[in-house]
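# Sharing a sequence plus its predicted fold:
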Amino acid sequence: MKNDKTRFTADRRLFLKSAAVAGGAAALTAVSATTLVDEATPAQLPPDAQEKSASQGYHETQHIRDYYRALRS
């Protein structure tokens, strides 16, 4: 009986160690991936894309008004 308990404890410890290593590897990958991806700066974007990136938030356009009108009918 004691041998089964020892084996169970050893298996649990191995699992917890593996989980800790996997979590650390995932965190390291996430941090390093953000440094690898270089977002385009406004100077690198074409002029029309700069205007689009400058506008933020919700803007009701004619297209959106037509969509809402279609939903009501």
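Sure, I can see it. All values derive from a computational prediction rather than experimental measurement.

# Pull the number of nearby residues for residue 22.
10 (other C-beta atoms under 10 Å). (Glycine included, C-beta is placed from N, CA and C.)

# what about it, helix or strand, and which?
helix 2-36 (DSSP states H and E).

# Average pLDDT for that helix, rounded please.
Averaged across helix 2-36, the pLDDT comes to 80.

# Which strands and helices lie in contact with that helix?
Using 3 or more C-beta pairs under 8 Å, 6 or more residues apart in numbering; DSSP states H and E, no helix or strand is in contact with helix 2-36.

# Tell me how far residue 61 lies from residue 8.
63 Å (C-beta to C-beta, to the nearest Å).

# cool, residue 57 as well?
Look at residue 57 and residue 8: by C-beta to C-beta, they are 56 Å apart.

# These two: who's more crowded?
Comparing residue 57 with residue 8 by other C-beta under 10 Å, the one with more neighbours is residue 8, at 10 against 4.

# Could I get the buried residue list for stretch 13-23?
The neighbour-count check on stretch 13-23 (16 or more other C-beta atoms under 10 Å) flags nothing as buried.

# which residues make contact with stretch 63-73 from outside it?
By C-beta atoms under 8 Å, 6 or more residues apart in numbering, no surrounding residue is in contact with stretch 63-73.

# at 10 Å what do you get?
With contact meaning C-beta atoms under 10 Å, 6 or more residues apart in numbering, stretch 63-73 is reached by 58, 60, 61.

# Using PDB, write out every CA atom in that stretch.
Extracted in PDB, the C-alpha atoms of stretch 63-73 (Å, rounded to 0.1, in the frame of the first residue of the first chain):
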ATOM      1  CA  HIS A  63     -23.500  52.700 -45.000                       C
ATOM      2  CA  ILE A  64     -24.300  52.100 -41.300                       C
ATOM      3  CA  ARG A  65     -27.500  54.100 -41.500                       C
ATOM      4  CA  ASP A  66     -28.700  52.000 -44.500                       C
ATOM      5  CA  TYR A  67     -27.900  48.800 -42.600                       C
ATOM      6  CA  TYR A  68     -29.900  50.000 -39.600                       C
ATOM      7  CA  ARG A  69     -32.800  51.000 -41.900                       C
ATOM      8  CA  ALA A  70     -32.700  47.500 -43.400                       C
ATOM      9  CA  LEU A  71     -32.900  45.900 -40.000                       C
ATOM     10  CA  ARG A  72     -36.000  48.000 -39.000                       C
ATOM     11  CA  SER A  73     -38.000  47.000 -42.000                       C
END
